[in-house]
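In: Structure for this input, please:
(chains A and B)
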There are 2 protein chains.
Amino acid sequence: MNGTKWSKTEKQIARQAYEAAYTRECAEIGKTVRKMAATASDPSGLWELHDYLTKRRREIDEKYDYRYSQLTLVFARLIYEGWLKPEDLAGISKDKLQEICRIAEFASSSQCGQ
Amino acid sequence: MNGTKWSKTEKQIARQAYEAAYTRECAEIGKTVRKMAATASDPSGLWELHDYLTKRRREIDEKYDYRYSQLTLVFARLIYEGWLKPEDLAGISKDKLQEICRIAEFASSSQCGQ
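Out: Residues are numbered from 1 along each chain as shown, chains lettered A, B, ... in the order given. Have a look, this model is predicted:
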């Protein structure tokens, strides 16, 4: 996969899909944060919120890796986790999309990463 | 100050004042967190909230030190910063209260810690 070449058009599609997934996932984190902030009735609730954000920020930093050498795996993971649909990648080569979906399906069937 | 002795009654008063200041300061942090969470319209707002909580948690951890050897300075700082009033410590010895207020006033006049 490290040798996969992305055309200019594919790079545009990839960037758009990647940003959309990132925005969706962060919006979900935002929802949880607002809920936790609203119900934090004592100091320990604040520190739980901080622990949650620390954990999620670390995961996000690790997961969203836009190097082209990593993108196939990144997209497979995002599809597997539900932040992206194969349709979001419409326009990239059939080979790439099949490879991404194959990995996502494998992860799903073997429950990898769960 | 390290040799300051606290009687049983003074320890109860000190603990109550300390907890009250901690609760007040954390309540203020909670207000800011709710405001930041409500207005975070994009992912960067979430990470700013996380940075804010990281900074404040570190400050709180450093500031709230309940060792009796440190309590005079801790109370002086809490009075100086407005989280505690001298009245909250009513019942501790006049000497201790004077020492605490003297340090708080010194910090205030010299703007120490600002």
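In: Tell me if stretch A:18-33 is near chain B.
Out: Yes - using Cβ under 8 Å from any Cβ of the partner chain, stretch A:18-33 comes into contact with chain B via A:Tyr22, A:Thr23, A:Cys26, A:Ile29, A:Gly30, A:Val33. (C-beta placed from N, C-alpha, C; glycine too.)
In: ok, the spatially most central residue of chain A to chain B distance?
Out: With distances taken as Cα atoms, centre = their mean, A:Leu78 lies nearest the centre of chain A, 4.0 Å away. Between A:Leu78 and chain B the distance is 15 Å, computed by Cβ to the nearest Cβ, to the nearest Å.
In: Go through the residues of stretch A:18-33 next to chain B and say which is closest to chain B.
Out: Nearest to chain B, judged by Cβ to the nearest Cβ, of these is A:Cys26 at 3.8 Å.
In: Next to chain B in this structure, residues from chain A, please.
Out: So far as Cβ under 8 Å from any Cβ goes, chain A lies against chain B at A:22-23, A:26, A:29-30, A:33-34, A:37-38, A:40, A:42-43, A:45-47, A:49-50, A:53-54, A:57.
In: Tell me the buried residues within the residues you listed.
Out: Among the residues of chain A next to chain B, those buried by neighbour count (16 or more other Cβ atoms under 10 Å in any protein chain shown) are A:22, A:26, A:29-30, A:33, A:37, A:40, A:43, A:45-47, A:49-50, A:53, A:57.
In: Could you tell me which of the residues you listed are located in helices?
Out: Among these, the members found in helices (DSSP state H) are A:22, A:26, A:29-30, A:33, A:37, A:43, A:45-47, A:49-50, A:53, A:57.
In: quick one: which two of those residues are the most distant?
Out: Within those, A:Tyr22 and A:Pro43 form the most distant pair, 31.4 Å apart (Cβ to Cβ).
In: Report the buried residues of the helix or strand harbouring A:Lys35.
Out: Per DSSP states H and E, A:Lys35 falls inside helix A:8-39. For helix A:8-39, a neighbour-count test (16+ other Cβ under 10 Å) marks A:10, A:13-14, A:17-18, A:21-22, A:25-26, A:29-30, A:33, A:36-37 as buried.
In: picking up where we left off before, of the ones in helices among the buried ones among the residues of chain A next to chain B, just say which sits nearest to B:Gln70.
Out: A:Pro43 (19.7 Å).
In: which residues does that closest one contact?
Out: Taking Cβ atoms under 8 Å, 6 or more residues apart in numbering or on different chains as the criterion, A:Pro43 is in contact with B:Tyr22, B:Thr23, B:Cys26.
In: tell me the pLDDT at it?
Out: For A:Pro43, the pLDDT comes out at 92.
In: I'd like to know how far it sits from B:Ser7.
Out: From A:Pro43 across to B:Ser7, the span is 28 Å (Cβ to Cβ, to the nearest Å).
In: and what of A:Gly45?
Out: Distance from A:Gly45 to B:Ser7, by Cβ to Cβ: 34 Å.
In: Count the residues that sit near the nearest residue to A:Arg15 once chain neighbours are set aside.
Out: Closest residue to A:Arg15 apart from its sequence neighbours, by Cβ to Cβ, 6 or more residues apart in numbering or on different chains: A:Tyr66 at 7.7 Å. Neighbours of A:Tyr66 under the rule other Cβ atoms under 10 Å in any protein chain shown: 12.
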